[in-house]
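K.L.:
Provide a 3D model corresponding to the input given below.
(one chain, ligands or ions: 1)
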Amino acid sequence: MVGYIRILKSRSFSSILFPIPSIRKYSIMSLVEKAKKAAAYKAVDDNFPPNAKYIGIGSGSTVVYVAERIGQLPNKDSFICIPTGFQSKQLIIDNGLTLGTIEQFPDLDIAFDGADEVDPKLSLIKGGGACLFQEKLVAASAKKFIVVADYRKESNVLGKQWTQGVPIEIVPNSYVKVTKDLKQLGAKTITLRQGGKAKAGPVITDNNNFLIDADFGEIEDPADLHNKIKSLVGVVETGLFIGMASASYFGEEAGGVKLWTV
Ligand SMILES: O=C[C@H](O)[C@H](O)[C@H](O)COP(=O)(O)O
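P.N.:
Take a look at the predicted model:
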């Protein structure tokens with residue numbers, strides 16, 4: 001949306017139009033950013049276990065605020081943070097937290113992560129940032145898994161808000177076969193995710209794999225769909241996270257934070 005500022009020149013009363021392309025965009029973005037930050041801070045404040053030793057830190061733009069809040073804790077030297085990918089590792093380092101690996105510490109007290117879409121049973125679509133496999137490994141290793149998101153992620157049925165499709169991590173040379181198999185499963189569109197301006201060719205995940213986005217429309221039975229996709233040869237993991245999260249914090253457009261639990 002392009003806006004304009006009209007400058008009146010006092011002498012001639014003629015006017016000049018200057019484009020202000022981003023004023024509206026900035027105000028919307030700052031609302032979303034505020035919502036993400038509010039959700040992340042509240043999620044950490046409500047859930048961070050006082051004597052926690054091992055913490056999973058997810059990926060994406062909302063988790064940035066989780067790492068920031070955890071980095072403000074006075075006892076931040078007393079626990080170890082386990083990342084879900086490259087960006088997550090940087091967040092841990094940049095916030096002065098102690099970095100560990102999931103191989104060293106496979107039993108986590110809690111993990112925090114973002115989501116692309118959340119339904120009332122706390123089934124999730126994740127992987128919009130191509131990090132789903134390590135995210136699922138970390139979430140599955142945690143006693144408690146908490147989601148942080150903004151209001152755009154709330155949904156009554158998965159596939160309604162996140163319309164670009166279910167992210168699926170696959171072994172690279174299987175993409176033609178998996179694409180055919182996903183068609184058989186009823187996917188409406190199947191896209192091998194591309195790097196866009198940043199890279200000619202497909203996105204490569206932190207695990208050196210490819211990513212497919214498969215749009216199944218509204219997903220009535222996410223667990224069933226996950227199981228069917230997961231059983232295809234070549235599929236490493238799906239972005240459907242079922243029965244893993246215990247709470248989801250949503251920063252609201254009007255301010256405040258909404259909590260969904262199961
Ligand atoms: O691959 C990326 C992850 O699943 C993210 O947690 C997810 O895409 C949500 O990211 P954001 O907080 O930026 O919306």
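
K.L.:
Where does pLDDT dip in the stretch 1-150 of the chain?
P.N.:
The model of the stretch 1-150 of the chain has pLDDT under 70 over residues 1-29.

K.L.:
Could you list the contact residues of it toward the ligand?
P.N.:
Applying C-beta under 6 Å from any ligand atom, we find that the stretch 1-150 of the chain lies next to the ligand at 58-62, 113-116, 126-132, 135. Where C-beta positions appear, they are placed from N, C-alpha and C, glycine not excepted.

K.L.:
Could you pick out the buried ones from those?
P.N.:
58-60, 62, 113-116, 126-132, 135 (16 or more other C-beta atoms under 10 Å).

K.L.:
Just the ones of those in helices?
P.N.:
Members of these lying in helices (criterion: DSSP state H): 132, 135.

K.L.:
What residues of stretch 232-240 count as buried?
P.N.:
232, 234, 235, 236, 237, 238, 239, 240.

K.L.:
Among those residues, which are located in helices?
P.N.:
Per DSSP H, those never map to helices.

K.L.:
Export those to TSV and append columns for distance to the ligand.
P.N.:
Below are those laid out as TSV (distance: C-beta to the nearest ligand atom, whole Å):
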residue	distance to the ligand
232	20
234	20
235	16
236	14
237	11
238	12
239	7
240	11
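
K.L.:
Could you identify the most distant pair in those?
P.N.:
The distance between the two most remote of those (C-beta to C-beta) is 16.8 Å, for 234 and 240.

K.L.:
Tell me if residue 253 really is in a helix.
P.N.:
No: assigned with DSSP: H, G, I helix; E, B strand; the rest coil, residue 253 falls outside any helix and is coil.

K.L.:
Please work out which residues outside stretch 187-201 touch it.
P.N.:
The contact list for stretch 187-201 (C-beta atoms under 8 Å, 6 or more residues apart in numbering) reads 130, 164-165, 167, 175, 179, 182-183, 202-203, 210-217.

K.L.:
Buried only: go through those residues for me.
P.N.:
By neighbour count, with 16+ other C-beta under 10 Å, these hold 130, 165, 167, 175, 179, 182, 202-203, 210-216 as buried.

K.L.:
from those residues, which is closest to residue 159?
P.N.:
Minimum distance to residue 159 across the buried ones among the contacts of stretch 187-201 is 6.1 Å, recorded for residue 216 (C-beta to C-beta).

K.L.:
per-residue pLDDT, that closest one?
P.N.:
Listed pLDDT for residue 216 reads 98.

K.L.:
and it, what does it touch?
P.N.:
159, 165, 166, 185, 186, 187, 188, 225.

K.L.:
Pretty sure the second one sits against residue 217.
P.N.:
No: with contacts counted by C-beta atoms under 8 Å, residue 165 stays clear of residue 217, the gap being 9.6 Å.

K.L.:
where exactly do the helices run in the stretch 1-150 of the chain?
P.N.:
Applying DSSP state H, counting those that start in this stretch to the stretch 1-150 of the chain gives helices spanning 23-47, 63-71, 86-94, 132-140.

K.L.:
Help me confirm that residue 227 is found in a strand?
P.N.:
No: Residue 227: not assigned to a strand; according to three-state DSSP it is helix.

K.L.:
so residue 172 sits right up against residue 207, yeah?
P.N.:
No: the criterion here is C-beta under 8 Å, and residue 172 misses it with residue 207 at 10.6 Å.

K.L.:
The two: which has the busier surroundings?
P.N.:
residue 207 (16 against 13; other C-beta atoms under 10 Å).

K.L.:
secondary structure class for that one?
P.N.:
Following three-state DSSP, residue 207 is assigned to coil.

K.L.:
neighbours around the nearest residue to it once chain neighbours are set aside, how many?
P.N.:
Of all residues not flanking residue 207 in the chain, residue 133 sits nearest, at 5.6 Å (C-beta to C-beta, 6 or more residues apart in numbering). Using other C-beta under 10 Å, residue 133 has 22 neighbouring residues.

K.L.:
List the residues that contact residue 133.
P.N.:
Residue 133 neighbours (C-beta under 8 Å, 6+ apart): 169, 205, 206, 207, 209, 236, 237.
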